[in-house]
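[1] Structure for the following, please:
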Amino acid sequence: MSWTDERVEILKKLWLDGLSASQIAGELGSVTRNAVIGKVHRLGLSGRGQPTSSIKRARRPRQSSSVPRRPRRATSVGSAALKLDVDAAPEYYLRPQEVVVIPIAKKLSIEMLTEKTCKWPIGDPMHDDFHFCGHDSKEDTPYCTYHASVAYQAPDNRRRAKRAAG
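    Residues are numbered from 1 along each chain as shown. Here you go, the predicted model:
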């Protein structure tokens, strides 16, 4: 659709008559509201008056009340919702530090794994240096002692007890 001189004149007339961009688009046909708005801006047409919210109204003078105001109580700075509740501070449990020996992997491929070797994957399976730990595994897990401690963590019974109580 091209803006012919005739269509531009119709646009100007309808715009100055106060029609909205959607109404003008409907009148012209085969043109969108956004096309009308763009053409109005390119033509530099006026903004058609002031919005009602920008009209300045005279303020009424404040009447002094016969009831004296009570002074406000002094409050602490900041929101009460943001104050730190010391009693609700979480308790942290630090595991006792153990002497942990991280085993040096035997670098077994998947074909070399048996039921008694650690099957902890090391590296990216898409790379050539991918391998498995290969150390002797514990009887009830597929991992060696070190990797079993990483994979299986004992539940913290104190945390459960606190949740049940509170």
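[2] in which helix or strand would I find residue 7?
    Using DSSP states H and E, residue 7 falls within helix 5-16.
[3] Against which helices or strands is that helix packed?
    With contacts defined as 3 or more C-beta pairs under 8 Å, 6 or more residues apart in numbering; DSSP states H and E, the packing partners of helix 5-16 are helix 21-28, helix 33-43. Just so you know, the C-beta spots here come from the backbone N, C-alpha and C atoms, and that holds for glycine as well.
[4] Quick one: those as CSV, columns for mean pLDDT, mean neighbour count and distance to residue 142 too.
    CSV is the format used below for the helices and strands packed on helix 5-16 (pLDDT from 0 to 100; neighbours: other C-beta atoms under 10 Å; distance: least, C-beta to C-beta, whole Å):
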stretch, mean pLDDT, mean neighbour count, distance to residue 142
helix 21-28, 91, 17, 68
helix 33-43, 91, 15, 63
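[5] Same list (those helices) but as a markdown table, adding distance to residue 132.
    A markdown table is the format used below for these (distance: least, C-beta to C-beta, whole Å):
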| stretch | distance to residue 132 |
| --- | --- |
| helix 21-28 | 68 |
| helix 33-43 | 61 |
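[6] Residue 152 is nearest to which of those helices?
    Distance to residue 152, taken as C-beta to C-beta, is lowest for helix 33-43 among the helices and strands packed on helix 5-16, at 61.2 Å.
[7] The closest one: what's the following helix or strand?
    Heading C-terminal from helix 33-43 (DSSP H and E), you reach strand 121-122.
[8] partner strands of that next one, parallel or antiparallel?
    strand 131-132 (antiparallel) (DSSP bridges).
[9] Return the residues in contact with the closest residue to residue 109 other than its chain neighbours.
    With C-beta to C-beta, 6 or more residues apart in numbering as the criterion, residue 109 has its nearest non-adjacent residue at 6.4 Å, and that residue is residue 131. Contacts for residue 131 (C-beta atoms under 8 Å, 6 or more residues apart in numbering) come out as 105, 107-109, 121-123.
[10] Good, wrapping up.
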